[in-house]
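Q: Sequence first, then the predicted structure:
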Amino acid sequence: MKKIITGLFFVFSAIILPHVAYSQASNEGFRSAIKSMITYYNAGQIDSAFDIADSYSNDPDLTGKSKFWFYSGLIYKDMFKKYEKGNPKSQYRERSVVAFQKALELESDSDIINGIKKNLRYIAVTYHNDAVKLLKEESTSIGMSIYAYGKYIDIMRLVDKHFNEKETAIEFSNAIGSVYARMFENENDIHADEYYELAKNYYEKSLELDSTQTSARYNLVVLETNYKTKQARQLKEESERKDQVILNLNAVKELEDVKLHESQYQEDAQKKTVIILMNEQEKKDMQTKADEERKDALAEKEKQKQKLILWLVISGLFIVVVFASLIYRNARQKEKLNKELARLSFVVGKSTNTLMIFNDKMELEWVNNTFFDTYGMSVEQFKEERGTTIIDLSSHPEIEKLVQECIDKKTGVSYESETSNVGLGKRWFQSMLSPIFDEEGKLQNIMVIDSDITELKNIEGELRQKNKDITDSIQYAKRIQQSILPSEQTIKGLLSDSFILYKPKDIVSGDFYWIGGVENNSKVIAAAVDCTGHGVPGALLTIVGNDLLNHIINETGIYKPKDILKEMNSAIISRFASNNDMYSRDGMDMAIVTIDKTSNNYSLSFSGAYNPLYVIRDNELMEMNPLRHSIGSIPAEQSANIIDHNLALKKGDVVYLFSDGYADQLSGKTGKKYMKGRFKQLLLDIHKKPLTEQKTILEHTHIEWRGTTFQTDDMLVMGFKF
């Protein structure tokens with residue numbers, strides 16, 4: 001909750017305090033360029049403000065001014081939020097940092113310096129968020145994450161002398177170490193040893209900063225245990241390979257002995273054949289000689305047999321010695337591993353999480369020391385009350401499916417579950433299932449780590465309820481805003497052939513329309529108004545704007561568009577301008593027409609603040625240009641520039657009033673705006689169609705252009721035909 005409040009404070013500081021800081025400072029003597037830039041910025045026209053800031057960034061008359069760099073920083077920051085949010089190497093964000101740094105170097109007013117630093121803190125937070133987000137993506141994003149983290153550290157060093165760099169460095173080092181540790185666990189990666197060294201270095205770096213922290217030490221023990229286990233497995237595979245070589249050598253020796261015996265038997269058979277062919281005397285002589293040779297052969301065979309037995313004894317002793325050596329070495333390795341596992345068991349025993357180990361039959365075998373604190377009972381009581389297997393013990397409805405999934409995929413599975421514990425009430429746990437297999441791929445154990453997330457769940461519930469309360473309030477505000485808009489019956493009674501396309505960006509809108517009849521409906525006044533901002537702030541301004549129009553038109557009887565604009569401008573300035581500002585930052589863009597129907601020949605008068613009027617006649621689009629100021633920012637000396645444009649209407653003329661929301665919509669494919677040129681051509685293409693059909697085409701075109709991206713701004717298009 002503390003982090004959430006801190007984040008909201010930074011956002012509030014970045015949006016509100018810059019205006020307060022500079023509204024209290026004297027800014028006389030600046031050139032008109034910086035005034036125009038600030039006017040555009042305060043009106044929410046960031047692109048126009050950016051064009052001025054960018055073109056004057058090397059102007060020596062302005063670059064020595066702190067105020068120029070301060071507002072340039074605000075503009076670049078808003079350009080980053082509008083176009084490049086989520087891009088860790090955003091040029092707009094980097095230029096914003098440079099601009100704020102220059103403003104900090106030039107400024108001496110402490111209030112303004114605080115405003116600059118708060119904006120830099122906001123940008124630093126965005127770099128920190130990017131660094132954390134990138135670590136959750138592919139391994140190729142690690143370098144970019146380190147870059148974003150470096151930018152965060154540089155900015156925080158600049159703005160906060162008491163910045164606790166050590167704490168964030170520990171957190172970031174642990175995070176990078178965990179990423180490299182996961183990469184090391186990939187058996188097939190040829191760079192696994194390099195990843196092990198990198199993970200180890202980051203964990204050790206974290207421990208150098210704070211040797212008392214347990215998370216890095218625990219992660220380091222697990223990493224080294226996995227590394228040594230992997231080495232032991234490789235040694236065992238090498239031992240098995242050497243044993244196979246010895247067996248192959250024995251098989252070759254036995255084959256050679258068999259061939260030798262077969263050769264001796266063949267030689268004896270040949271001698272017997274010769275004896276049969278000889279005469280009886282020769283047969284007796286040969287028999288005598290054969291008997292002697294047979295005795296000699298048997299003696300030789302016995303001698304060979306004794307040699308073979310001796311060789312087998314020697315070979316057997318050699319094999320026994322080698323095997324005993326391997327057993328001894330494996331025993332030493334196993335002893336070392338047991339020591340490491342004992343150290344790991346000690347670390348786990350100190351952990352606040354609960355560790356449970358189940359055998360291959362899913363039966364509980366071992367728990368660490370935190371089990372009683374977590375569940376409020378001993379292991380024996382736990383088994384007696386709930387059962388002995390992981391299926392019995394878990395309260396998750398799909399635990400069997402999760403267990404089978406982690407075994408089949410041979411990977412960890414994470415899930416959340418709610419359980420009731422003796423004396424502790426209902427608690428929420430996040431559990432991590434991790435299967436352990438032997439060298440043959442057979443399941444040996446399942447390790448379960450339970451983390452108590454009850455407090456986080458409670459906070460989540462509070463946030464969900466608060467969000468619902470806020471949404472309900474905004475929904476009620478929508479009903480209030482809808483009530484001030486003219487009804488469809490009123491609109492059709494005054495402008496029978498018309499349409500209104502009205503699409504708020506959020507639940508409530510910063511755009512609104514006003515239509516009313518005066519002098520027994522002989523005159524119809526229609527206005528399309530775009531207030532500063534959108535959402536709730538913009539909606540509040542629409543209430544003020546609607547109230548002013550009702551007062552000016554219905555109570556004071558002012559019907560000319562130019563006079564209505566002048567009254568609106570004065571009223572907005574008197575309500576919202578501060579003591580030190582001549583104009584208001586909270587204004588509205590507006591297009592207003594008065595249609596005179598007192599004679600058979602209708603006429604139209606138009607006046608506008610930033611928003612023009614389109615009239616299409618005989619397949620040609622006529623544009624009536626507005627004053628290039630927003631309502632609330634028109635100086636008194638320029639009020640004479642507010643004029644009416646008059647036009648005699650003809651049958652078939654189509655009139656369009658609108659805000660800038662339709663033309664400013666970003667494309668889901670290219671990211672570019674729809675633009676006024678494309679909007680004009682669309683109106684020319686459809687202006688002969690029935691107005692209800694025109695509304696449908698405009699809406700479908702907007703949806704197709706927008707694609708999957710969000711709606712950029714509130715949108716209002718009004719059309720009527722005579």
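A: Alright, I've got the coordinates.

Q: what ranges do the helices span in the stretch 351-500 of the chain?
A: 371-375, 379-386, 390-393, 399-409, 454-484, 488-494 (DSSP state H, counting those that start in this stretch).

Q: I'd like those helices as a markdown table, with distance to Phe437, mean neighbour count and mean pLDDT appended.
A: Where you see a C-beta, it was placed from the backbone N, CA and C, and this is true even at glycine. Putting the helices of the stretch 351-500 of the chain into a markdown table (distance: least, C-beta to C-beta, whole Å; neighbours: other C-beta atoms under 10 Å; pLDDT from 0 to 100) gives the following:
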| stretch | distance to Phe437 | mean neighbour count | mean pLDDT |
| --- | --- | --- | --- |
| helix 371-375 | 25 | 18 | 74 |
| helix 379-386 | 25 | 14 | 79 |
| helix 390-393 | 17 | 17 | 82 |
| helix 399-409 | 9 | 15 | 88 |
| helix 454-484 | 32 | 12 | 85 |
| helix 488-494 | 69 | 14 | 93 |
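
Q: Make JSON lines from these and add distance to Lys672 to it.
A: Putting the helices of the stretch 351-500 of the chain into JSON lines (distance: least, C-beta to C-beta, whole Å) gives the following:
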{"stretch": "helix 371-375", "distance to Lys672": "55"}
{"stretch": "helix 379-386", "distance to Lys672": "60"}
{"stretch": "helix 390-393", "distance to Lys672": "55"}
{"stretch": "helix 399-409", "distance to Lys672": "43"}
{"stretch": "helix 454-484", "distance to Lys672": "31"}
{"stretch": "helix 488-494", "distance to Lys672": "34"}
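
Q: Out of those, flag the one nearest Gly73.
A: helix 454-484 (30.5 Å; C-beta to C-beta).

Q: rewinding a little: the helices of the stretch 351-500 of the chain: which one's closest to Asn201?
A: helix 399-409 (30.4 Å).

Q: before we move on, back to that, of the helices of the stretch 351-500 of the chain, which is nearest Lys688?
A: helix 488-494 (21.1 Å).

Q: Give me the contact list for that closest one.
A: 498, 500, 515-517, 521, 524 (C-beta atoms under 8 Å, 6 or more residues apart in numbering).

Q: Report the two of the residues you listed separated the most.
A: Among the contacts of helix 488-494, Ile500 and Asn521 lie farthest apart (C-beta to C-beta), at 18.6 Å.

Q: who's more crowded, these two?
A: Each of Ile500 and Asn521 has its neighbours counted (other C-beta atoms under 10 Å); Ile500 has more, 21 against 11.

Q: Stretch 493-503: end-to-end distance?
A: 23 Å (C-alpha to C-alpha, to the nearest Å).

Q: Now do that stretch: distance to the chain's middle.
A: 42 Å (C-alpha atoms, centre = their mean, to the nearest Å).

Q: How about stretch 632-642?
A: Taking mean C-alpha positions (C-alpha atoms, centre = their mean), stretch 632-642 and its chain are 46 Å apart.

Q: likewise stretch 135-155?
A: 14 Å.

Q: same deal with stretch 129-137?
A: On C-alpha atoms, centre = their mean, the centre of stretch 129-137 falls 7 Å from the chain's centre.

Q: Let's see it as PDB, backbone CA atoms only.
A: This file holds the C-alpha atoms of stretch 129-137, laid out as PDB (Å, rounded to 0.1, in the frame of the first residue of the first chain):
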ATOM      1  CA  ASN A 129       9.300   0.100 -14.300                       C
ATOM      2  CA  ASP A 130      10.700  -0.700 -17.800                       C
ATOM      3  CA  ALA A 131      13.800  -2.300 -16.200                       C
ATOM      4  CA  VAL A 132      11.600  -4.700 -14.100                       C
ATOM      5  CA  LYS A 133       9.200  -5.400 -17.100                       C
ATOM      6  CA  LEU A 134      12.100  -6.300 -19.400                       C
ATOM      7  CA  LEU A 135      13.500  -8.800 -17.000                       C
ATOM      8  CA  LYS A 136      10.200 -10.800 -17.300                       C
ATOM      9  CA  GLU A 137      10.600 -11.000 -21.100                       C
END
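
Q: Could you give me the buried positions within it?
A: 130-131, 134-135 (16 or more other C-beta atoms under 10 Å).

Q: and the helix or strand containing Ile112, what other elements does it pack with?
A: Ile112 belongs to helix 110-135 when assigned by DSSP states H and E. The contact analysis (3 or more C-beta pairs under 8 Å, 6 or more residues apart in numbering; DSSP states H and E) places helix 110-135 against helix 2-15, helix 17-23, helix 66-83, helix 91-106, helix 142-159, helix 165-184.

Q: Quickly compare these and say which is most buried.
A: Ranked by average neighbour count under the criterion mean count of other C-beta atoms under 10 Å, those are headed by helix 66-83 at a mean of 23.

Q: which other residues reach that helix?
A: 14, 18, 22, 25, 27, 30, 34, 37-38, 41, 46-47, 49-50, 53, 56-57, 62-63, 90, 92-93, 95-97, 99-100, 102-103, 106-107, 112, 115-116, 119, 122-123, 126, 671.

Q: Give me the angle between it and helix 91-106.
A: 160 degrees (axes from the mean of the first three to the mean of the last three C-alpha atoms, to 10 degrees).

Q: Run the angle between helix 66-83 and helix 110-135 for me.
A: Going by the same axes, to 10 degrees, helix 66-83 makes 30 degrees with helix 110-135.

Q: Rounded mean pLDDT for stretch 216-226, please.
A: Mean pLDDT, stretch 216-226: 78.

Q: repeat for stretch 589-599
A: 93.

Q: Would you mark the buried spots in that stretch?
A: Buried residues in stretch 589-599, counted by 16+ other C-beta under 10 Å: 589-597.

Q: Counting by contacts, list what the longest strand anywhere in the chain packs against.
A: Longest strand of the chain, by residue count under DSSP state E: strand 425-437. On a contact count with 3+ C-beta pairs under 8 Å, 6+ apart, strand 425-437 meets helix 399-409, strand 413-421, strand 443-452, helix 454-484.

Q: So in that sheet, which strands flank the third one, and in what orientation?
A: In the sheet containing strand 443-452, the strands it pairs with under DSSP bridges are strand 354-359 (antiparallel), strand 425-437 (antiparallel).

Q: Mind listing what's buried along that strand?
A: 443, 446-452.

Q: Would you tell me which one of those comes nearest to Ile459?
A: Distance to Ile459, by C-beta to C-beta, is smallest for Asp452 among the buried residues of strand 443-452, at 13.4 Å.

Q: Right, I'll leave it there.
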